[in-house]
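# give me the fold of what follows.
(one chain, ligands or ions: 2)
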Amino acid sequence: MNRIRPLDVLSGLLAFALTASVAELVAAAVTIVSPRVAVGDTVIRLAPAAAVHFATRTFGTNDKPLLLAVIVVITLGFGALIGGLARRRPEASVAGFALWWAVCAAAVWADQTQPAAAIAVTGVAAAAGWGALRLLLTRAGLEAPAESGAPTLPGDPRQRTPDRRAFLGFAAASAGASVAAVVGARRLGGRDVDVAVERQTIALPKPKNPLPPVASSAALDAVTGISPLVTPNGAFYRIDTALSVPRVDVQTWRLKIKGMVEHPQEFTYADLAAMDAVEADATMTCVSNEVGDELVGNARWLGIPLPALLARAGVKPGATQVIGRSVDGFTVGFPTEVALDGRASMVALGMNGEALPAEHGFPARLLVPGLYGYVSATKWLAEIELTTLEAFDAYWIPRGWAKFGPIKTQSRIDVPIPARQVVPGRVPIAGVAWGGIRSISKVEVRVLPAGAKDAPWLTARLSDALSQSTWRQWVVDWDAQPGEYDIAVRATDGTGATQTPDIADVAPDGATGWHTIHVRVKA
Ligand SMILES: Nc1nc2c(c(=O)[nH]1)N[C@H]1C(S)=C(S)[C@@H](COP(=O)(O)O)O[C@H]1N2
Ligand SMILES: [Mo]
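Ligands and ions are numbered 1, 2, ... in the order given. Take a look at the predicted model:
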């Protein structure tokens, strides 16, 4: 019983093939570097410079593919070895997969400094391969036929001889799964796109209506702790369902306009950039923003007006809904009439003077001022589809959120910070307030001493309204005396409607209530 059985060798090879391909697929799905590539990078990094030079000279630009091919061959050879040993030394198979896991996880980790993803992705792949090996070995005859002693009876579990049919079935399934995983990994595509480079090299269109730079006199940015009037891109909140940020290749990216239109359209990035672009200041916020929370930001957007794009396509009568679909399948939907009512709806390409950051939808996203993001702001936009309101519910609608999502008027206190003690004296109470496309006409603050029933509402000083669709900063100078206070804020929008004190949960259509904080002023 010392001979190595070919079926075991084949099992090991197939199991490691599965491990390697599952690793490719999962890595592509979460857009981290594939273990194969990471190991290749590590080899290149660790190899003596002379060896790298030799390889490049000898194999030319094929050195990388060759290295990757060598890694595959070594992996499969290692698998064959482990398979051959597994029957007599079951611990060898565990050790083999553990070794593969350790090497690949370390290489991915070193490449991307994402330890959790590195360990998880390679761990899943190793587990899949190990499971496959167990299944295959069982079909190849897990128990050795009894060598000595009493002859086994038919039906004795030890009498398992290879069940070649079952083995072949499992072997084919394993090989098929490997091929499917590799194909899937390829199709997930875009893996090698470096958005950072694309963003730098892309030419943003020049706006037809360049807005003047935001004057420092327009803002209350000097108030310590207040949200800046324009949120820097790096500080802009991020909300999406994407497990990892889609990396879109702007060269192959297309924006389609389809559905109930006379002339379906397909634009390249260059096509869009050649159209008349506009700038608009708009505040965006998430329907799941709790009262006083931070899922809100204000930016200067640059893009192609949605009405112009829809006019090119020719919206058919009865097309009451616009759907925005992203490269990863996420959808939003909003009424066509909202897109055309004069607000600055656009396919945005730029944010605060830069190409959209990857996290915020590079290369293009929808922006519809006055609507919550979940019904309007598709990032990594791939398609605009015209349909009816009845025919389609976008991503979040069946999940318990309202079909229509106009932004509710809200205000937030940024300072003072409740957890910190306040020193007596002049203390600014300040924050931001927003009202969808209705702007903000007034913000009031009430400082209620502990135990008091009522206190006057103090009118806050406001920053300029950059547009009807942006938030305004506000500040009240408070002469803080020792004691405890509940400070509340309420905003009135441009229509004269004041925020309701009634508390509503974020679901289904946005939170209401006055943001109130409790502060202690030192004695
Ligand atoms: N592709 C895609 N776009 C999306 C989402 C998403 O999950 N996927 N989430 C939306 C939601 S709920 C909000 S609030 C905004 C947030 O945009 P931001 O991350 O740029 O702030 O994006 C919207 N666009
Ligand atoms: Mo959202």
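
# what's the neighbour count on the residue of the stretch 201-350 of the chain found nearest ligand 2?
Nearest to ligand 2, among the residues of the stretch 201-350 of the chain, is residue 286, at 3.2 Å (CB to the ion). C-beta here means a position set from N, CA and C on the backbone, and glycine is covered the same way. Using other CB atoms under 10 Å, residue 286 is surrounded by 22 other residues.

# residue 46 now?
If you count neighbours by other CB under 10 Å, residue 46 ends up with 10.

# now it: how far from ligand 1?
Using CB to the nearest ligand atom, to the nearest Å, residue 46 is found at 39 Å from ligand 1.

# what does residue 248 give?
Computed as CB to the nearest ligand atom, the residue 248 to ligand 1 distance reads 11 Å.

# any regions of the protein where pLDDT drops low?
1-2, 45, 48-65, 112-113, 142-162, 189-192, 242-244 (pLDDT under 70).

# show me which residues of it are close to ligand 1?
Within reach of ligand 1 by CB under 6 Å from any ligand atom, the chain has these residues: 236-242, 284, 286, 326, 328, 330, 360, 373-374, 377-380.

# hmm, residue 181 is touching residue 28, no?
No: Residue 181 is beyond contact range of residue 28, at 9.3 Å (criterion: CB atoms under 8 Å).

# so which strand or helix has residue 448?
Element membership for residue 448 (DSSP states H and E) is strand 440-449.

# what helices or strands is the helix or strand following that strand leaning on?
Downstream of strand 440-449, the next assigned helix or strand under DSSP H and E is strand 457-459. Applying 3 or more CB pairs under 8 Å, 6 or more residues apart in numbering; DSSP states H and E, one finds that strand 457-459 contacts strand 440-449, strand 472-480.

# possible to save those as a markdown table with mean neighbour count and distance to ligand 2?
Listed next are those as a markdown table, based on neighbours: other CB atoms under 10 Å; distance: least, CB to the ion, whole Å:
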| stretch | mean neighbour count | distance to ligand 2 |
| --- | --- | --- |
| strand 440-449 | 20 | 21 |
| strand 472-480 | 21 | 22 |
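
# okay, those strands in a markdown table with distance to residue 466 next?
Output for those, formatted as a markdown table (distance: least, CB to CB, whole Å):
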| stretch | distance to residue 466 |
| --- | --- |
| strand 440-449 | 11 |
| strand 472-480 | 8 |
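
# out of those strands, which comes closest to residue 3?
Nearest of those to residue 3, taken as CB to CB: strand 472-480 at 80.6 Å.

# what helices and strands are in contact with the helix or strand where residue 105 lies?
Following DSSP H and E, the helix or strand that holds residue 105 is helix 90-112. For helix 90-112, the elements it packs on are helix 6-29, helix 35-46, helix 63-86, helix 115-139, judged by 3+ CB pairs under 8 Å, 6+ apart.

# mind listing what residue 334 touches?
Each residue near residue 334 by CB atoms under 8 Å, 6 or more residues apart in numbering is listed here: 321, 322, 368, 371, 375, 376, 404, 405.

# against ligand 1, how distant is the second one?
In other words, residue 322. 14 Å.

# that residue belongs to a strand?
Yes: assessed with DSSP: H, G, I helix; E, B strand; the rest coil, residue 322 lies in a strand.

# got a list of what it touches?
306, 310, 333, 334, 335, 336, 339, 384, 385, 386.

# so which of those comes closest to residue 137?
residue 385 (50.6 Å).

# quick check: bridge partners of the closest one?
With beta bridges defined as DSSP bridges, residue 385 has these partners: residue 258, residue 323.

# how about the residue lying closest to residue 516 once chain neighbours are set aside, phi and psi?
Closest residue in space to residue 516, ignoring its immediate chain neighbours: residue 488 at 4.3 Å, by CB to CB, 6 or more residues apart in numbering. Main-chain dihedrals, residue 488, degrees, to the nearest 10: phi -120, psi 150.

# ok, the one 4 residues further on next?
Dihedral pair for residue 492: phi -120, psi 130, per degrees, to the nearest 10.

# burial measure for it, as a count.
For residue 492, using other CB under 10 Å, the count is 20.

# what of residue 199?
Neighbour count for residue 199, taken as other CB under 10 Å: 17.

# mind giving me the ChimeraX command for buried ones among the contacts of residue 322?
Burial among those is assessed by 16 or more other CB atoms under 10 Å; the matching ChimeraX selection reads:
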select :306,310,333,334,335,336,339,384,385,386
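
# which of the residues of the chain next to ligand 1 fall in strands?
Here DSSP state E is the test, and the residues of the chain next to ligand 1 give 284, 326 as lying in strands.

# give me the buried entries from the residues of the chain next to ligand 1.
236-237, 240, 242, 284, 286, 326, 328, 330, 360, 373-374, 377-380.

# name the nearest of these relative to residue 507.
Comparing those against residue 507 with CB to CB places residue 374 closest, at 10.8 Å.

# contacting residues for the closest residue to the closest one other than its chain neighbours?
Residue nearest to residue 374 in three dimensions, not counting chain neighbours: residue 396, with 4.6 Å by CB to CB, 6+ apart. Residues counted as contacts of residue 396 (CB under 8 Å, 6+ apart) are 287, 374, 375.

# would you confirm that the first one contacts residue 401?
Yes: taking contact to mean CB under 8 Å, the distance of 6.3 Å between residue 287 and residue 401 places them in contact.

# find residues that contact each of those two.
Common contacts of residue 287 and residue 401, defined by CB under 8 Å, 6+ apart, comprise 374, 507, 509.

# what is the burial count for residue 419?
9.

# hmm, I was thinking of residue 165
Residue 165: 9 neighbours (other CB under 10 Å).

# quick check: which helices or strands does the host helix or strand of residue 197 pack against?
Assigned by DSSP H and E, residue 197 belongs to helix 195-201. Applying 3+ CB pairs under 8 Å, 6+ apart, we find helix 195-201 packed against strand 354-355.

# and the helix or strand immediately after the strand it packs on in the chain, which strands flank it?
Using DSSP H and E, the helix or strand that follows strand 354-355 in sequence is strand 365-367. When pairing is defined by DSSP bridges, strand 365-367 lines up against strand 346-351 (antiparallel).

# just the C-alphas of the partner strand, formatted as CSV.
Output in CSV follows, covering the C-alpha atoms of strand 346-351 (Å, rounded to 0.1, in the frame of the first residue of the first chain):
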residue,chain,number,x,y,z
MET,A,346,-27.3,66.4,-14.2
VAL,A,347,-25.1,63.5,-15.1
ALA,A,348,-22.2,64.8,-12.9
LEU,A,349,-18.6,64.2,-13.9
GLY,A,350,-16.9,66.6,-11.4
MET,A,351,-17.1,67.3,-7.7
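
# ok, so of the contacts of residue 396, who is nearest ligand 1?
Among these, residue 374 lies closest to ligand 1 (CB to the nearest ligand atom), at 3.7 Å.

# re earlier: in the helix holding residue 105, what counts as buried?
Buried positions in helix 90-112, judged by neighbour count with 16+ other CB under 10 Å: 92-93, 96-97, 100-101, 103-112.

# and the angle for it with helix 63-86?
Angle, helix 90-112 to helix 63-86, by axes from the mean of the first three to the mean of the last three CA atoms, to 10 degrees: 160 degrees.

# could you give the angle of helix 90-112 to helix 6-29?
Counting by the same axes, to 10 degrees, helix 90-112 lies at 20 degrees to helix 6-29.

# tell me where the stretch 251-400 of the chain has helices.
269-273, 306-313, 336-339 (DSSP state H, counting those that start in this stretch).

# want to try CSV for the ones you listed, with distance to residue 261 as columns?
Listed next are the helices of the stretch 251-400 of the chain as CSV, based on distance: least, CB to CB, whole Å:
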stretch, distance to residue 261
helix 269-273, 16
helix 306-313, 4
helix 336-339, 11
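
# show me the one of those helices that comes nearest residue 346.
In terms of CB to CB, the element of the helices of the stretch 251-400 of the chain nearest to residue 346 is helix 306-313, at 5.6 Å.

# using CSV, write out every CA atom in that closest one.
C-alpha atoms of helix 306-313 as CSV (Å, rounded to 0.1, in the frame of the first residue of the first chain):
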residue,chain,number,x,y,z
LEU,A,306,-30.1,65.8,-17.6
PRO,A,307,-32.8,67.7,-19.6
ALA,A,308,-30.3,68.1,-22.5
LEU,A,309,-29.5,64.3,-22.5
LEU,A,310,-33.1,63.4,-22.3
ALA,A,311,-33.9,65.8,-25.2
ARG,A,312,-31.4,64.0,-27.3
ALA,A,313,-33.0,60.7,-26.6
